[in-house]
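>>> Build the 3D model from these lines:
(one chain, ligands or ions: 1)
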Amino acid sequence: NITLKYGAERIGKRTDQPMQDWRNYGLGQFIHWGVYAIPGGHWNGKYYAGAAEWIRSWEGMPNEAYDNLYKEFNPKNFNANAWAKQAKELGAKYVIITTKHHDGFCLWPSEYTDYTIANTPYKKDIIGALVEAYDKQGIDVYLYFSIIDWNHFGYKSKLVTDKDRTDYEVFKEFTRNQLIELLTRYPETKGLWFDGTWDAAWKEQASYVYDLDKELREMIPGLIIGSRFRPDDYGNRHFDANGNMMGDYEQGWERKMPNTIEEVHGNDWDCVMTIPENQWGYHSDWRGHVKTSNELIEMLVKAVALDGNFVLNFGPDGLGTIRKEETKLAKQVGEWMKVNSTAIYNCGYLDWEKQDWGYFTTNRITQEKYMVVFNQPISGVYTVKTKKGVSIEKAYLLDNPGLELSIEKTYNNEFLIQYNPENHPEEPFVMVIETNKDQNNSDNQYLQPK
Ligand SMILES: COc1ccc([C@@H]2N[C@@H](C)[C@@H](O)[C@H]2O)cc1
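Below you'll find the predicted structure:
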């Protein structure tokens, strides 16, 4: 190990209640909304093939044109309560909302720039309305904040000249002011989801970011910040020069998933996922593959089975409407969650060998074990390899506990559960398994979920 002044502040997982609550969410919702939703991936009749929230960087979109779009931002269909209600029905336990994306447009009336919602025809505080609406639904609120800010004169991707450096100092104070402003205005905030921290300029700011991180955490005890925020003494993000994770969970899985528990290095982590292949902000013409509910459910279960959270993104359009494809998927996933969320909420990794039929999850509080089935074996035989001395005594469907499934124990301590449904299930289903080691959990000493 080398000595670091600005390396990982902690080795190992946080064990405080706010972090345990975060760990037990399972499913979250991402909201990407801003002025980029007005063009929705098109300009002058031309189609922008990139991610819609990046359209300002496209040569087909003059900066001048983009930077004036806010003057027509007037989402007359915006209804924060409707969004929060839909998220509740989806089964999301937390929401991450873009306060400011790379374009620098602020969805709250920041006093540190004029480029905010206050100077649009809409005028009203979008973030405040969303925080209140989601809070009312009992959904914890996290704020996305882009360090990159194309609108601020002092933002630089790299520091070359002395003027770059003096301008960047102004930008650093502006960034600090906005973050303090957000946590002051919205003290219900449970955490910050930083993005746009890959620039060389930012990677040189270990000391400033270390102090800012501390200052923000002092403002809201228990505040949760991921691994994308701080650079260490050598400009490393996510993992410091000693390989220790900085921040409270790994933000390394954007539009991708780990496949093994080893890949998550024993850390907490989230996977943030788009419904189309690569659109976070609203694009009116999704091309390529659009994920089905069963694909999204499998990603959710896979994330939970590997001790992570799955955060599904929604990109409302320029008038504040959540598009029909997203509404349909929210309903489908929500219906599945109504029946099966027992295998998701408060659940995580079970260290039994992964089998082809699907994923194991286990409730961290009750130790109850689940098999979430995606690949029904033609044989009707579900193989389960437990740990030494652990035998399966009972197996049944989560949504039909009365129907006990037959279990055979083989000579090498494998268990074969037999299940042949008369008709092919249309979506993933959950089996509950009870073992000889499952003591009566009613009096367990673990903290109860909130
Ligand atoms: C390839 O570089 C990037 C940079 C930023 C992103 C942003 N992170 C996601 C969470 C969205 O906000 C996307 O715009 C994606 C890809």
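>>> contact partners of the one helix or strand residue 382 maps to?
In the assignment (DSSP states H and E), residue 382 maps to strand 381-385. Contact with strand 381-385 is made by 352-353, 355, 357, 371, 373, 392, 413-419, 431, 433, as judged by CB atoms under 8 Å, 6 or more residues apart in numbering. C-beta here means a position set from N, CA and C on the backbone, and glycine is covered the same way.
>>> mind listing what's buried in it?
382, 384 (16 or more other CB atoms under 10 Å).
>>> Average pLDDT for it, rounded please.
Regarding strand 381-385, the rounded mean pLDDT is 98.
>>> And for stretch 215-222?
Averaged over stretch 215-222, pLDDT sits at 98.
>>> and what of stretch 427-445?
In this model, stretch 427-445 carries a mean pLDDT of 77.
>>> repeat for stretch 269-280
The average pLDDT for stretch 269-280 rounds to 98.
>>> Ok, stretch 2-13 next?
Averaging pLDDT along stretch 2-13 yields 96.
>>> ditto for stretch 26-34
Model confidence over stretch 26-34, given as mean pLDDT, is 99.
>>> do stretch 136-154 as well
Rounded mean pLDDT across stretch 136-154 is 99.
>>> hmm, that stretch touching the ligand?
No - looking at stretch 136-154 against the ligand by CB under 6 Å from any ligand atom, there are no contacts, and the closest approach is 7.0 Å.
>>> buried ones in that stretch?
Result for stretch 136-154 [16+ other CB under 10 Å]: buried residues 137, 139-152, 154.
>>> Among these, name the ones in strands.
Among these, the ones falling in strands (DSSP state E) are 140, 141, 142, 143, 144, 145, 146.
>>> where's the second one relative to residue 92, distance?
To tie it back to what came earlier, the one meant is residue 141. Shown here: residue 141 relative to residue 92, a distance of 11 Å by CB to CB, to the nearest Å.
>>> ok, now the first one?
Residue 140 is 9 Å from residue 92, where distance means CB to CB.
>>> So the residue of the stretch 301-450 of the chain found nearest the ligand: helix, strand or coil?
Here the residue of the stretch 301-450 of the chain nearest the ligand is residue 313; by CB to the nearest ligand atom that distance is 7.6 Å. Secondary structure, DSSP: H, G, I helix; E, B strand; the rest coil: residue 313 is strand.
>>> next one: residue 283
Here residue 283 takes the coil state, with states given by three-state DSSP.
>>> Touching, it and residue 274? I think so.
No - in terms of CB atoms under 8 Å, residue 283 does not count as a neighbour of residue 274; the distance is 10.1 Å.
>>> between the two, which one's more packed in?
Between residue 283 and residue 274, counting by other CB atoms under 10 Å, residue 283 is the more crowded of the two (27 against 20).
>>> tell me the phi and psi of the more buried one?
Backbone geometry at residue 283, expressed as degrees, to the nearest 10, gives phi -120, psi 130.
>>> do residue 12 as well
Reported as degrees, to the nearest 10, the phi and psi values for residue 12 are phi 90, psi 170.
>>> Also residue 247?
According to degrees, to the nearest 10, the main-chain angles of residue 247 amount to phi 90, psi -180.
>>> Then residue 115?
Backbone phi and psi, for residue 115 under degrees, to the nearest 10, turn out to be phi -80, psi 70.
>>> Kindly report the same for residue 220.
The phi/psi pair for residue 220 (degrees, to the nearest 10) reads phi -130, psi 100.
>>> now, which of the ones in strands among the buried residues of stretch 136-154 sits nearest residue 304?
residue 140 (17.0 Å; CB to CB).
>>> Could I get the contacting residues of that closest one?
Here residue 140 is in contact with 21, 25, 93, 94, 95, 134, 190 (criterion: CB under 8 Å, 6+ apart).
>>> Just give the number of residues close to the third one.
Counted with other CB under 10 Å, the burial measure for residue 93 works out to 25 neighbours.
>>> so what pLDDT did it get?
Per-residue confidence (pLDDT) for residue 93: 99.
>>> The closest residue to it other than its chain neighbours: which element?
Closest residue to residue 93 apart from its sequence neighbours, by CB to CB, 6 or more residues apart in numbering: residue 25 at 3.9 Å. With secondary structure defined by DSSP H and E, residue 25 is part of neither a helix nor a strand.
>>> what sits opposite the residue nearest to residue 374 when sequence neighbours are not counted in the beta ladder?
Using CB to CB, 6+ apart and skipping residues adjacent in sequence, the residue nearest residue 374 is residue 358, 4.4 Å away. Legend: beta-bridge partners of residue 358 under DSSP bridges are residue 355, residue 373.
>>> For residue 358, list the residues it contacts.
301, 371, 372, 373, 374, 375, 428.
>>> Thank you kindly, that will do.
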